[in-house]
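> got a predicted model here, sequence first, then my questions.
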Amino acid sequence: MINFQYLRTTSAKSAIALLLKDKNAKFLAGGTNLIDLMKRGVTAPEKLIDINHVPLKQIEQIGNKIHIGALATNTAVADHALIKEKLPLLSWALQAGASAQLRNVATVGGNMMQRTRCGYFYDTEMPCNKRQPGTGCGAMEGFNRMHAIFGTSEKCIAVHPSDMCVALTALDAEVVLANGKGERKIAFKDFHRLAGDTPQLDNNLKADEMIIRVEIPVNNLAKNYHYLKVRDRASYAFALVSVAAAFELNNNKITDIRLAMGGVAHKPWRLTASENFLKGKEATLSNFEKAAGLAMTGAKGFGENNFKLKLAPNTIIEALNLAKSKA
Ligand code: SF4
């Protein structure tokens, strides 16, 4: 690890001002991914701006939206009574992530900013277009068991590792970002990017911006929901495939539905075609199977991850069945 300067700040305004002064500075919150990246030489910021004392830890309902501050920890969100009651899908997704110790310090903003766990990205001896554009992609014809089957590019087939972000994508969340001039709001589904020709970019956060909070509309999806994460170990493992499913049932007819997948793309993968198919239909196994088939349009394996082409639709069907069984 190289030497760096450590700074601490107590307001978003001063944090952004410090960021503007140095292009090679980074915010430090829980540090659960950033410190690993620094230890391995994948990133080497000259300044770390500790934002843990910035008051952005609120979890509250304002009007018909639930606001969650960027510095609320994953544990605080998952365990909060308001989240358990009104957004249980988010609570479940958070509890599926990492370990209890990591969730205790990892923040909402940090969870969004975490980087892929592709092994080539973390090994500075190996080619990786995300770490060093133009060097090639080691995973394309290498070890790619964990990698993407949707939205891939010739430059990168990495997946975004978050569980929380899959649920927030499904729940139509928005992200509030601030810079020196004010705030802007974007749909959560548009925060993360596909790799395309710029795999070094994970998201659409600008260099002078800070994540302030996420806002999630209150919904009627707190009864029939499930977050199903398929992984190599029962805990502390990243998803091979995960599915966030939530729907509203009226006499076994689906009146509203949200579906998203994790572990399959460079960003959380919303299943809009499957949602549109299921809306207004009976919650039957046959319809779940058809919806899962629709979700697989355009899927492509790269060898070791070909098993995901079967695992993904099966996980969708099982998540929908488990959500229905909560009725
Ligand atoms: Fe790097 Fe992406 Fe290829 Fe992994 S998949 S080696 S992160 S370019």
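Good, I have the coordinates. Numbers count the residues shown, from 1 in each chain.

> I'd guess Ala15 is in a helix, am I close?
Yes. Counting by DSSP: H, G, I helix; E, B strand; the rest coil, Ala15 is found in a helix.

> can you get me a residue count around it?
23 (other C-beta atoms under 10 Å). All C-beta spots, glycine's among them, are computed from the backbone N, C-alpha and C.

> can you map out the strands along the stretch 151-300 of the chain?
174-179, 182-187, 210-217, 224-230, 241-250, 253-262, 269-270 (DSSP state E, counting those that start in this stretch).

> out of those strands, which is closest to Thr152?
Nearest to Thr152 among the strands of the stretch 151-300 of the chain is strand 269-270 (11.5 Å), distances taken as C-beta to C-beta.

> list the contacts of that closest one.
150-151, 166, 169-170, 189, 259-262 (C-beta atoms under 8 Å, 6 or more residues apart in numbering).

> how about 7 Å then?
150, 169-170, 189, 260-261 (C-beta atoms under 7 Å, 6 or more residues apart in numbering).

> any idea how far that strand is from the middle of the chain?
In terms of C-alpha atoms, centre = their mean, to the nearest Å, the centre of strand 269-270 is found 10 Å from the chain centre.

> again, but for stretch 290-307
With C-alpha atoms, centre = their mean, you get 20 Å for stretch 290-307.

> what does stretch 178-193 give?
15 Å.

> that stretch: end-to-end distance?
19 Å (C-alpha to C-alpha, to the nearest Å).

> do stretch 52-70 as well
10 Å.

> pull the distance from that stretch to the chain's centre.
18 Å.

> buried ones in it?
Across stretch 52-70, burial judged by 16 or more other C-beta atoms under 10 Å covers 52, 54, 56-57, 59, 66-70.

> the longest helix that the chain contains packs against which elements?
For the chain, the helix with the greatest residue count under DSSP state H is helix 308-324. In terms of contacts (3 or more C-beta pairs under 7 Å, 6 or more residues apart in numbering; DSSP states H and E), helix 308-324 is packed against strand 224-230, strand 241-250, helix 285-295.

> may I see the ones you listed arranged in CSV, with mean neighbour count and distance to Ile157 as well?
Below are these laid out as CSV (neighbours: other C-beta atoms under 10 Å; distance: least, C-beta to C-beta, whole Å):
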stretch, mean neighbour count, distance to Ile157
strand 224-230, 23, 19
strand 241-250, 25, 15
helix 285-295, 18, 19
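
> thanks a lot, see you next time.
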